[in-house]
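J.: I need the structure of the sequence given here:
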Amino acid sequence: MEIKFRPYQKEVINATIKAFEKGYKNVIVEAPTGFGKSLVNYIVAKYFWQKLNKRTWYTTPQVVLLDQLENDPLIKQLGGIAIIKGRDKYICPISKTVDYKELPCNLAPCVTRKYFNCPDKAQCPYYQARDKALSSPISALSFAFMLTTKDIEDWGQRDLLIVDEADDLENWAVEYGTLTFRVSRTFDNIFQIIQWAKTRLSNVRTEINFIENMEKLTPQLVARLESLRKLEQKLEFFLSDAQEHPDNWAWCQNGSLLELKPIDAGIVLNKTIWWRGKYRLISSATIINAELFKKYTGLKGKTLFIRVPHPIPPENRPVYIHPIGKMTKEERQNTYDPLVKAIEEIAERHKGQNGIIQCHSYEIAQEIAKRLKLKGFKVITHNTKDRDEKFKEFLNSTEPSVFIAVGFERGIDLKYDLCRWQVITKVPFPDQSDIRVHELWVKRRNWKWARYIAIKSLVQACGRSVRAPDDYAVTYILDSSIEHLLKYKKEFPKWFLDSISYLYEF
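T.: Next up is the predicted model:
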């Protein structure tokens, strides 16, 4: 079939294939929203299979992207892609007959009972998807699934690894390695923690074995077993890395609470993700700097960086710098009142249109919401537990709404009338109270890393509300710290700088 390519798609496909033919190990494609990265990635994978007889893993951090790949009509016409998700996304077909209620496959009898022999494994939707993914030349799975299968031979290396939405890989790797415990003793160094973790792992394995050998499990025991298995995997990873790289672990003990985090995300990614492909195609809208991306994710090998021009005119995605005051922890109390006044004026300017206020923390979100409500504004807020529910409320609102958001800088699609304006209340520098950030930024004084994270997050946030060439939305940055960050203009994408102008008065 003849494919109608969007601008630059064909050029990127050809450049990628030629790079691999010339011996490049990695191709990094930075392409803005609307470019169509999924189709480009898929066609490169098809080339590897049809021309070279080589197979592909396609991975992404977002399960919703797996759904999009599975349902994409053009990819379906071109042959489709095998999708595998976590066991919790499938329903066990025999759970009702065994446990008298419908259960997801992660809680099915074959998972929770050591010697259970499933009488109808061929009808299991999880195993059907798994077998199809293992036998297919192009198979898609989430980062989480890839991490949990890192030690299983069937899920080993393929010739091509495609990593889509790769800009947040560093955070994913750190989150995977993070451990938090309640402890009854005090530690003086990482070596004492390693010895303690060995004992803890032994105890965890003993408890897993005990539960698996029970005849009947309550829902509470099933949940406990699932939790123990995840802890076992994390402890195993910590011990394998910490004994080899003890300096790679930041730790903090606050009373009985012990927290551990890997510092170099590249070590984690090389053990879990990068080795899964002899060649790697990496795509995202915000790689920002290919060399820094390689450095902070541990990516090795000769690399071609392709940056696709932005398809949306800068006048459709203006970013106004309106410096109200500093939003650092020490100074934000003096900034809240003028900040909220500016937000009022912005909301009035965009009366009748949906808007989103991007907050860097729940503290900032609560202060802004409190002040806006006192002035009679109707806003939608959320907490850690109801964030998805409240975001849906915002999207489905029948009247213009304002959503006060924390952690919505990436992964949301606010196209057209869903959002016509947004406010960035704070430049998203990493949080210094985080033990890894404190180690990298404060102790090791890695300012370049901190700027890279801030710029990447800022560019991501500004792209939430303009999603197509005929879309438009306005972004306002109110934190005065943006002026310091913009001194490093060479570290920003040019297409982002093209959209910026200063707005000292409304």
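J.: tell me the phi and psi of Leu372?
T.: In this entry, Leu372 is assigned phi and psi values of phi -70, psi -40 (degrees, to the nearest 10).
J.: ditto for the one 5 residues further on
T.: Taking degrees, to the nearest 10, you get phi -80, psi 140 for the backbone angles of Phe377.
J.: Would you agree it is in contact with Val402?
T.: Yes - counting by C-beta atoms under 8 Å, Val402 is a contact partner of Phe377 at 6.7 Å. For the C-beta atoms, the positions are set from N, CA and C on the backbone; glycine is no exception.
J.: and those two? which has more neighbours close in?
T.: In terms of neighbours (other C-beta atoms under 10 Å), Val402 is the more surrounded of Phe377 and Val402; the figures are 25 against 16.
J.: wouldn't the more buried one be in contact with Ile380 here?
T.: Yes - under the criterion of C-beta under 8 Å, Val402 is in contact with Ile380, at a separation of 6.9 Å.
J.: before we move on, the earlier item: pull up the overlap in contacts between Phe377 and Val402.
T.: Shared contacts of Phe377 and Val402 (C-beta atoms under 8 Å, 6 or more residues apart in numbering): Ala347.
J.: in its sheet, what does the helix or strand hosting Leu260 sit against?
T.: Leu260 is part of strand 257-262 when elements are defined by DSSP states H and E. According to DSSP bridges, strand 257-262 forms sheet pairs with strand 179-182 (antiparallel), strand 249-254 (antiparallel).
J.: Retrieve the pLDDT associated with Gly80.
T.: The pLDDT attached to Gly80 in the predicted structure is 93.
J.: my guess is Ala173 meets Thr272, correct?
T.: Yes - Ala173 lies in contact with Thr272 (C-beta under 8 Å); the separation is 7.3 Å.
J.: Tell me how far Lys76 lies from Leu39.
T.: With distances defined as C-beta to C-beta, to the nearest Å, the gap from Lys76 to Leu39 amounts to 12 Å.
J.: Could you check which of these two is surrounded by more residues?
T.: Counting neighbours by other C-beta under 10 Å for Lys76 and for Leu39 shows that Leu39 has the greater number, 19 against 12.
J.: For Ser135, see how far away that one is.
T.: Counting by C-beta to C-beta, the gap between Leu39 and Ser135 amounts to 24 Å.
J.: and if you look at Lys4?
T.: Applying C-beta to C-beta, one obtains 31 Å for the distance of Lys4 from Ser135.
J.: Who has more neighbours out of the two?
T.: Neighbours around Lys4 and Ser135, counted as other C-beta under 10 Å, are more numerous at Ser135. The numbers are 10 against 6.
J.: contacting residues for that one?
T.: For Ser135, the set of contacting residues under the criterion of C-beta under 8 Å, 6+ apart consists of Ala82.
J.: Could you tell me the phi and psi values at it?
T.: For Ser135, the backbone dihedrals are phi -90, psi -20 (criterion: degrees, to the nearest 10).
J.: Model confidence at it, what's the number?
T.: According to the model's per-residue confidence, Ser135 sits at a pLDDT of 96.
J.: and if you look at the one 5 residues further on?
T.: Here, the pLDDT recorded for Ala140 equals 96.
J.: Please name every helix or strand in contact with the helix or strand in which it is found.
T.: If you go by DSSP H and E, Ala140 is part of strand 138-142. Contacts of strand 138-142 with other secondary structure elements, assessed using 3 or more C-beta pairs under 8 Å, 6 or more residues apart in numbering; DSSP states H and E, are made with helix 37-50, strand 56-60, helix 63-71, strand 82-84, helix 125-135.
J.: Save these as TSV, and put in distance to Ile321 too.
T.: Rendered in TSV, the data for those read as follows (distance: least, C-beta to C-beta, whole Å):
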stretch	distance to Ile321
helix 37-50	29
strand 56-60	33
helix 63-71	32
strand 82-84	42
helix 125-135	47
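J.: picking that back up, between Ala173 and Thr272, which is the more surrounded one?
T.: When neighbours are counted by other C-beta under 10 Å, Ala173 and Thr272 differ, and Ala173 comes out ahead with 26 against 21.
J.: tell me the contacts of the more buried one?
T.: For Ala173, counting by C-beta under 8 Å, 6+ apart, the contacting residues are 262, 265-266, 268-269, 272-273, 297.
J.: Please state the offset of the helix or strand encompassing it from the chain centre?
T.: Assigned by DSSP H and E, Ala173 belongs to helix 169-177. For helix 169-177, the distance from its own C-alpha centre to the chain's C-alpha centre is 9 Å (C-alpha atoms, centre = their mean, to the nearest Å).
J.: One more: stretch 386-402?
T.: For stretch 386-402, the distance from its own C-alpha centre to the chain's C-alpha centre is 22 Å (C-alpha atoms, centre = their mean).
J.: try stretch 134-149
T.: 16 Å.
J.: For that stretch, C-alpha coordinates in PDB please.
T.: Provided in PDB are the C-alpha atoms of stretch 134-149 (Å, rounded to 0.1, in the frame of the first residue of the first chain):
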ATOM      1  CA  LEU A 134       7.300 -13.700  21.900                       C
ATOM      2  CA  SER A 135       6.700 -15.100  18.400                       C
ATOM      3  CA  SER A 136       6.100 -11.800  16.500                       C
ATOM      4  CA  PRO A 137       8.900 -10.000  14.700                       C
ATOM      5  CA  ILE A 138       7.700  -6.600  16.100                       C
ATOM      6  CA  SER A 139       6.500  -6.600  19.700                       C
ATOM      7  CA  ALA A 140       5.500  -3.700  22.000                       C
ATOM      8  CA  LEU A 141       5.800  -3.600  25.800                       C
ATOM      9  CA  SER A 142       5.900  -1.000  28.500                       C
ATOM     10  CA  PHE A 143       9.100   0.000  30.400                       C
ATOM     11  CA  ALA A 144       7.600  -1.600  33.500                       C
ATOM     12  CA  PHE A 145       7.100  -4.900  31.700                       C
ATOM     13  CA  MET A 146      10.600  -4.800  30.300                       C
ATOM     14  CA  LEU A 147      12.100  -4.100  33.700                       C
ATOM     15  CA  THR A 148      10.200  -7.100  35.200                       C
ATOM     16  CA  THR A 149      11.400  -9.400  32.500                       C
END
